[in-house]
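Participant: Pasting the sequence and the predicted model now:
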Amino acid sequence: MESGFFRLSSAAVPCSLVEGALDAACGFFARPLEEKLRHCGSAATGWRGYTPMGGGHNCSPASRQPERKESFYWGEPDTDGDAAAPPAAELAALDAAARVFHASMLEATRAVLRGLSLAMGMAPSALEERVFTAPSAKVLLVAYDPVERSELSCGSHTDCGFLTMLCSRGGRGLQVRRRADGTWLDVDSAAAGGGAAASPTFVCNLGDLAARLSGGRYASTPHRVLNDSAERRVALVFFNNLDGGGAAAAVREAGSKRRLTCGQYVAERLAEMRGGFAERANGESEEFAGEGAGAPR
């Protein structure tokens, strides 16, 4: 897999379900800021909830200013291992849409795991039995307003989990870095599949855990978002981080004798991101508004 990215269409996720989730996401992000701020996530909620622009969720350590995005994190308490308060009444529709989307994406993930198992010469159920018995997975709803020059939608990064599956509505901007020459490839992530199509198309990428668990056979590929269009881009992103605590999911930290479970590894990476790690970067900055998609990095 040269790019680490691929497309998937699954009958487990009908178009009507995806369109409903996108409608709910667009409706939430269209609300006044003061209303959205009433639903901010925090450490106490496991960061479930709303994060405004500048709220500490830059994706790239090279981002020297807030990335131009806002998000809402929905996670299933049972699979994430902690409790969460019932959603506010005004979030009932959003919660219902995210819950159904989450359940359907778990089923779609099983098909990917079976395919990866076969590709690695194992039984179809091997990965599912090893690392997908009680998975930690979340839905991230993200809105990217059009950028101005020098602004970032989402800086260059790799995903720290196992598998990311996404689709979007409006705008543009998802880009994948080619390994051969470092140039950026534009990727259409629109939730195609309307009309007579039975299911939408998702853009999928394998993350750092997939690279580790496959012994480097599968790549965790840098990608970014540059919404240089005139309209907002709203994305549904499903993150599958596998089983959080099982010994079979243990990965060895690079350059260290420490052993981390998948859950520990992902938690440390996310804590680093939320802790303002741009301030600890090596002085590099990333500015790509107005830059051609094919320009090398």
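Facilitator: Cool, the structure landed. Residues are numbered from 1 along each chain as shown.

Participant: tell me the secondary structure for Val203?
Facilitator: strand (DSSP: H, G, I helix; E, B strand; the rest coil).

Participant: pretty sure it contacts Leu163?
Facilitator: No: using Cβ atoms under 8 Å, Val203 makes no contact with Leu163, being 11.6 Å away. All C-beta atoms are positioned from the backbone trio N, CA, C, and that covers glycine.

Participant: Kindly list the main-chain dihedrals of Val139?
Facilitator: phi -110, psi 130 (degrees, to the nearest 10).

Participant: Could you number the chain from 10 rather than 1 from now on?
Facilitator: I'll keep to 10 as the first residue from here, and by that count the last item is Val148.

Participant: Find the nearest non-adjacent residue to it, please.
Facilitator: Once flanking residues are discounted, Val148 sits nearest to Trp83: 4.5 Å by Cβ to Cβ, 6 or more residues apart in numbering.

Participant: repeat for Asp168
Facilitator: Using Cβ to Cβ, 6+ apart, the nearest residue to Asp168 is Gly216, at 3.6 Å.

Participant: Tell me who's in contact with the one you found.
Facilitator: The contact partners of Gly216, taken as Cβ atoms under 8 Å, 6 or more residues apart in numbering, are 167-173, 229.

Participant: Pick the one among those residues closest to Leu269.
Facilitator: Cys169 (11.2 Å; Cβ to Cβ).

Participant: shouldn't that closest one be in contact with Tyr274?
Facilitator: Yes: shown here, Cys169 and Tyr274 form a contact pair, counting by Cβ under 8 Å, at 7.0 Å.

Participant: Would you mind identifying the helix or strand in this structure with the lowest mean pLDDT?
Facilitator: helix 86-89 (a mean of 48; mean pLDDT, DSSP states H and E).

Participant: what's the distance between the next helix or strand after it and the middle of its chain?
Facilitator: With elements assigned by DSSP states H and E, the helix or strand that comes after helix 86-89 is helix 101-128. Between the centre of helix 101-128 and the centre of its chain there are 13 Å (Cα atoms, centre = their mean, to the nearest Å).

Participant: again with stretch 26-37
Facilitator: For stretch 26-37, the distance to the chain centre is 17 Å (Cα atoms, centre = their mean).

Participant: what mean pLDDT does that stretch have?
Facilitator: Stretch 26-37 shows a mean pLDDT of 95.

Participant: I believe Gly29 is in a helix; please confirm or correct that.
Facilitator: Yes: the assignment for Gly29, made by three-state DSSP, places it in a helix.

Participant: Tell me how far it lies from Ala107.
Facilitator: As for Gly29, its distance to Ala107 is 10 Å (criterion: Cβ to Cβ, to the nearest Å).

Participant: Looking at these two now, which is surrounded by more residues?
Facilitator: Neighbour count, other Cβ atoms under 10 Å: between Gly29 and Ala107, Ala107 has more, with 25 against 16.

Participant: wait, what's in contact with the more buried one?
Facilitator: 30, 33, 83, 148, 150.

Participant: go on, Arg178?
Facilitator: 31, 35, 199-200, 242-244.

Participant: Name the nearest of the residues you listed relative to Glu281.
Facilitator: For those, the nearest to Glu281 is Ala244 (22.6 Å; Cβ to Cβ).

Participant: Can you say which helix or strand has the closest one in it?
Facilitator: Going by DSSP H and E, Ala244 is in strand 242-252.

Participant: Tell me the secondary structure at Arg226.
Facilitator: Assignment for Arg226 (three-state DSSP): coil.

Participant: Not counting its neighbours along the chain, what's nearest it?
Facilitator: Met129 (6.7 Å).

Participant: separation between the one you found and Pro209?
Facilitator: 27 Å.

Participant: same question, Gly216
Facilitator: 21 Å.

Participant: which stretches of the chain form helices?
Facilitator: Counting by DSSP state H, the chain has helices at residues 24-38, 42-45, 86-89, 101-128, 135-140, 217-222, 271-283.

Participant: out of those helices, nearest to Glu79?
Facilitator: helix 24-38 (6.5 Å).

Participant: isn't the residue nearest to Val148 right next to Val109, touching?
Facilitator: No: the pair Trp83 and Val109 does not pass the contact test of Cβ under 8 Å, sitting 11.1 Å apart.
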